[in-house]
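**Q** Sequence first, then the predicted structure:
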Amino acid sequence: MKITKKALASIAGPTALAFVAAFVPTSAFAATDLQGGIDAAKPDGAAGNTTLFGDGSIFNTIVNILLFLIGAISVIMLIIGGIRYTISAGDSGNVTAAKNTIMYAIIGLIVAFLAFAIVNWVLGALTKTA
């Protein structure tokens, strides 16, 4: 039985969506310690860490969120490239496009990991106390 590209594409999309949805974290609805949050407030009324650099700083949080998004997009593109490669059916143009998608997704992952390491190293060096 020959499966057409359209049928394979209509199966691959929902399958990829189900695969991604299976790994989405869910909330636990656990109780929290309210007193710990009250005691953690700063004397001037500011809650949490409001420093620009250092562990848990604003800059570190923003960079980590951006690097997470880059990594997540790279993984999604890797999956899309694999699906495109699978449904290319030997067409050289589609195979080349799929291989390029996979290659650039892997490069994106490598860049995200290196950027994470470099940013954390630089932030650690800037905030190190002598």
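**A** Received, thanks.

**Q** How many residues are close by Val111?
**A** Applying other C-beta atoms under 10 Å, we find 14 residues neighbouring Val111. C-beta: built from backbone N, CA, C; applies to glycine.

**Q** Check it and give its pLDDT.
**A** We have a pLDDT of 88 for Val111.

**Q** List the residues that contact it.
**A** Val111 makes contact with Ile70, according to C-beta atoms under 8 Å, 6 or more residues apart in numbering.

**Q** Give me the phi and psi for it.
**A** phi -60, psi -40 (degrees, to the nearest 10).

**Q** repeat for Ile87
**A** Torsion angles, degrees, to the nearest 10, at Ile87: phi -90, psi 10.

**Q** count of neighbours near it?
**A** The burial count for Ile87: 19, using other C-beta under 10 Å.

**Q** I am assuming it contacts Lys5, so please confirm or correct that.
**A** Yes. Between Ile87 and Lys5 there is a contact at 5.7 Å, judged by C-beta atoms under 8 Å.

**Q** other SSEs contacting the helix or strand harbouring Ile79?
**A** In the assignment (DSSP states H and E), Ile79 maps to helix 58-86. Other helices and strands packing on helix 58-86, by 3 or more C-beta pairs under 8 Å, 6 or more residues apart in numbering; DSSP states H and E, are helix 5-22, helix 92-127.

**Q** For it, list every residue counted as buried.
**A** 60, 63, 67, 70-71, 74, 77-84 (16 or more other C-beta atoms under 10 Å).

**Q** Nearest to Leu17 among those residues?
**A** Ile79 (10.2 Å; C-beta to C-beta).

**Q** From Ile110, how far out is the closest one?
**A** To Ile110, Ile79 is 17 Å away according to C-beta to C-beta, to the nearest Å.

**Q** same deal with Ser88?
**A** Taking C-beta to C-beta, one finds Ser88 at 24 Å from Ile110.

**Q** Need the winner for burial among the helices and strands packed on helix 58-86.
**A** Compared across those, helix 92-127 shows the largest average neighbour count, a mean of 14 (mean count of other C-beta atoms under 10 Å).
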